[in-house]
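Asker: below are the sequence and a predicted model for it; my questions follow.
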Amino acid sequence: MMDGGTCVLVVDDEQLIALGLAVTLRDMGLQVCGTAATAAKAIELAQTHRPSLVLMDVRLKGPADGVEAAMEIHRLFGTPVIFITGSREPETVERIRQDHPAGVLFKPILPVNLRAEIEKVLSRQAG
């Protein structure tokens, strides 16, 4: 089911988490087309690579957060976004819901949960 041509953009301002996600995605047979630590960089990379999917941390360094970046990427390209957050605060979850998320994963993220969420999103896209 995982397609090697599927390009995933990883957005997380914690470099170790971004790296871990990228390794897990590659182990799943997916291509990582870039990693970004800020909303501006995420939007720039989305414009360059047109990813099939974005893994987006909610809290990012800089003036804009992951929800704002995801809304802009979704508006420009319609790319599905799976949000990643360490927060279960109602305000955070409510902000995520504003963007019609393809999915939400709570940290720490287990590879089995990541795979299941990605397969669900990609199968919806294909169907």
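Answerer: On my side now, so go ahead.
Asker: from now on I want contacts and neighbour counts done on CA atoms only, so please keep to that.
Answerer: OK.
Asker: can you list the buried residues in the helix or strand hosting Phe83?
Answerer: Here Phe83 sits within strand 81-85, counting by DSSP states H and E. Neighbour-count burial for strand 81-85 flags 81-85 (criterion: 16 or more other C-alpha atoms under 10 Å).
Asker: out of those, who's nearest Pro51?
Answerer: Distance to Pro51 across the buried residues of strand 81-85 (C-alpha to C-alpha) is lowest for Val81, with 10.1 Å.
Asker: hang on, the earlier thing: which strands and helices lie in contact with the strand holding Phe83?
Answerer: Here strand 81-85 touches strand 53-57, strand 103-106, going by 3 or more C-alpha pairs under 8 Å, 6 or more residues apart in numbering; DSSP states H and E.
Asker: what inclination does the longest one have with respect to strand 81-85?
Answerer: It stands for strand 53-57. Interaxial angle of strand 53-57 relative to strand 81-85 (axes from the mean of the first three to the mean of the last three C-alpha atoms, to 10 degrees): 20 degrees.
Asker: quick one: residues in contact with the following helix or strand past strand 53-57.
Answerer: Note on strand 53-57: by DSSP H and E, the next helix or strand toward the C-terminus is helix 66-77. The contact list for helix 66-77, computed with C-alpha atoms under 8 Å, 6 or more residues apart in numbering, reads 11, 38-40, 42-43, 46, 50, 56-60, 79-81, 95-96, 99.
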